[in-house]
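Colleague: My questions are about this predicted structure, shown below with the sequence.
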Amino acid sequence: MVACRLTVPEAAVSEPQEPYVWDRVDDTEDPDEMVTVQQDLERWPVVRAYRERMRELVGGGRALDVGAGPGGETTYVGVDNSMAMARRAYDRGRVAVVADAGRLPFAAGSFDAVRADRVLQHVPDPDTALAEATRVVRPGGRLVFADPDQSTLTIEAEPVGVRSGAALVAEVVAFRRRSIRNPDLAGRLAGRLTALGLVDVVSDAYRLVLTDPALAFGVTGWGELIEAAGRITAAERAAWEAALHGPFRYEVSYVVTAARRAG
């Protein structure tokens, strides 16, 4: 595994606070905002870096982008279960198909490669999504996936005036991990692909480092949600939110995993 550390530019990006929303964008209160969040992420250096690696692994030929979002990769056929995402992709000149990762509307062996960027972490049934991706790629074709591995998430902050600051920060980290449907799948995906009979499995890790809480996926609003869930007190929430004005560091690894269908 090749490790790479990158930081992000000074531009605010937030995420919806309700867990498990990215697989049902069109049912949320503001789908267009979620589209914009995804489009903004395309400009982050860490995203550009690991996407370049994904392009190298995909190679040439006809490729399918599962969970294509707003269509940043215009050379691939895109499929997304969100009409809002597909509409934005189409407006950007992208071939966009509305369909679910677990039921791809393509014949077996239709593509030379299949890729999915930040998709498997959100799907309700990743095994079905992996099976479908394998089905539509030709024998000898490549499958390439990228997701953050939330088991690698660390947050550094200095809450004071309440219980152990480390324990409070650990509660915040645990909240983030609970808010993702498949939080650590990225770190286990290489083994899963091998078990499925895929070959030539490789992984690369890219470390995202944030020092501005405004960039950290809505972290400034997490205290309210954790308190509402009864996991911290009002005083602990206040201490956490005050800590966001002091030294802060958020790190997580994005893992790119690729494999080839035998044959």
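Modeller: Happy to help now that I have it.
Colleague: What is the neighbour count of the closest residue to Pro31 other than its chain neighbours?
Modeller: Spatial nearest neighbour of Pro31, chain neighbours left out: Ala84 (3.8 Å); criterion: CB to CB, 6 or more residues apart in numbering. All C-beta atoms are positioned from the backbone trio N, CA, C, and that covers glycine. The tally of other residues near Ala84 (other CB atoms under 10 Å) stands at 20.
Colleague: Am I right that Ala84 sits in a helix?
Modeller: Yes. Ala84 sits within a helix when classified using DSSP: H, G, I helix; E, B strand; the rest coil.
Colleague: Per-residue pLDDT of it, please?
Modeller: Model confidence at Ala84, given as pLDDT, is 86.
Colleague: Next: Gly69.
Modeller: For Gly69, pLDDT reads 82.
Colleague: Now do the same contact list for the residue nearest to Pro31.
Modeller: Taking CB atoms under 8 Å, 6 or more residues apart in numbering, we find Ala84 in contact with Val25, Asp26, Pro31, Asp32, Met34, Val35.
Colleague: any idea where the strands of the stretch 51-200 of the chain begin and end?
Modeller: 63-66, 77-80, 96-98, 111-117, 137-156, 199-210 (DSSP state E, counting those that start in this stretch).
Colleague: Distance from the chain centre to the third one, please.
Modeller: This means strand 96-98. 20 Å (CA atoms, centre = their mean, to the nearest Å).
Colleague: likewise the fifth one?
Modeller: In terms of CA atoms, centre = their mean, the centre of strand 137-156 is set 9 Å apart from its chain centre.
Colleague: Could you list every helix and strand in contact with it?
Modeller: Judged by 3 or more CB pairs under 8 Å, 6 or more residues apart in numbering; DSSP states H and E, the packing partners of strand 137-156 are helix 45-58, strand 111-117, helix 165-178, helix 185-195, strand 249-260.
Colleague: cool, the third one as well?
Modeller: Helices and strands touching strand 96-98, by 3+ CB pairs under 8 Å, 6+ apart, are strand 77-80, helix 83-91.
Colleague: Go through those and pick out the most buried.
Modeller: strand 77-80 (a mean of 25; mean count of other CB atoms under 10 Å).
Colleague: Any regions of the stretch 1-150 of the chain where pLDDT drops low?
Modeller: Within the stretch 1-150 of the chain, the segments meeting pLDDT under 70 span 1-19.
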